[in-house]
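K.L.:
Quick one: sequence and predicted model below, then my questions.
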Amino acid sequence: MQKLAAGNWKMNGTAAALAEVKALIAAHPAPGCEMLLCPPATLLGQMADLAAGTALRVGGQDCHTKTAGAHTGDISAAMLADAGASHVILGHSERRADHGETDALVRAKTEAAWAAGLIAVVCVGETEAERDAGRTLDVVGTQLAGSVPEGASAENTVIAYEPVWAIGTGRTPTLDEIADVHAFMRRELTARFGETARGMRLLYGGSVKPSNATEIFAVGDVDGALVGGASLKAADFGAIVTAL
Ligand code: PEP
């Protein structure tokens, strides 16, 4: 399967930041992996225009469950697709924490994303307290079961394992810990969805940077990365793309 380097810009970036996108595209005209950036919605259309005809794909960071309607401030999956998105991140731990998103909501959003033709990047991951309590696999298993709808396939879904305590902290699990969770996810997804789950990309996310990308990508069942901070600069994200 082709690996995926996905960048999540979160609430960062104004039009000036598009210079980084131009630099990324120029430096990686034919990367050895898929390359995806998910900017704030305000930049999606402009970034999609820059990415047209290149190896870069663009995605949203969230979507509503409905296609349209009286939902001030929200964005539908159809709108993301219309703006040029191919993917949408769903259930990121910051949305689960800041907006109280539940597994059921993430599941409904995933179905909405598929209906609009988008690939869902569904995020799961334990908190530090959950890991310390030895509950990592329980938590990840429950989130996978609740957040990923029936009908998930290698074509419509990517899973991102992002330990909450590793996001933006500079800390990462050991390579063995990453391997354990990814092998567990592959088993769970294969048990539920069958053969297609063998080709489903399982990304690791949480403080991935150029200096640790190579060793993380060598871990079994790690099919790419979801990158926050290090996706904002073309040089850093490009180095991660090269490591894949
Ligand atoms: C993220 O938010 O998805 C993330 C992994 O952030 P960072 O790479 O900055 O830890």
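P.N.:
Noted; the coordinates are in hand. Numbers count the residues shown, from 1 in each chain.
K.L.:
The residue of the chain most remote from its centre and the ligand, how far apart?
P.N.:
The C-alpha centroid of the chain is most remote from A70, which lies 27.6 Å away (CA atoms, centre = their mean). Distance of A70 to the ligand, computed by CB to the nearest ligand atom, to the nearest Å: 30 Å. Where you see a C-beta, it was placed from the backbone N, CA and C, and this is true even at glycine.
K.L.:
Show me the helices in this protein, by range?
P.N.:
18-27, 41-51, 77-82, 93-98, 103-115, 128-132, 136-147, 175-193, 210-217, 234-243 (DSSP state H).
K.L.:
Tell me what angle the second one forms with helix 18-27.
P.N.:
Just to be clear, that refers to helix 41-51. 30 degrees (axes from the mean of the first three to the mean of the last three CA atoms, to 10 degrees).
K.L.:
Return the distance of helix 41-51 from the chain's centre.
P.N.:
Centre-to-centre, helix 41-51 and its host chain are 18 Å apart (CA atoms, centre = their mean, to the nearest Å).
K.L.:
packing partners for it?
P.N.:
helix 18-27, strand 56-60 (3 or more CB pairs under 8 Å, 6 or more residues apart in numbering; DSSP states H and E).
K.L.:
hmm, who's touching the shortest one?
P.N.:
Defining contact as CB atoms under 8 Å, 6 or more residues apart in numbering, one finds that strand 56-60 is touched by 6, 21, 24-25, 28, 34-39, 41, 44, 47-48, 50-51, 75, 77, 80, 84-89, 118-119, 121.
K.L.:
Next: stretch 206-219.
P.N.:
3, 125, 162-163, 165-173, 175, 178-179, 182, 204, 222, 224-227, 229-230, 236, 239-240, 243-244.
K.L.:
In terms of pLDDT, where does whichever residue of the chain sits closest to the ligand sit?
P.N.:
At 2.2 Å from the ligand, G228 is the closest residue in the chain, using CB to the nearest ligand atom. For G228, the pLDDT comes out at 98.
K.L.:
again with A77
P.N.:
Reading off the model, A77 has pLDDT 98.
K.L.:
What separation is there between it and V106?
P.N.:
Distance of A77 to V106, computed by CB to CB, to the nearest Å: 13 Å.
K.L.:
Of the contacts of stretch 206-219, which qualify as buried by neighbour count?
P.N.:
Neighbour-count burial within the contacts of stretch 206-219 applies to 3, 125, 162-163, 165-167, 172-173, 175, 178-179, 182, 204, 222, 224-227, 229-230, 236, 239-240, 243-244; the criterion is 16 or more other CB atoms under 10 Å.
K.L.:
wait, I178 sits on G205?
P.N.:
No - contact criterion CB atoms under 8 Å: I178 and G205 do not qualify, at 10.5 Å.
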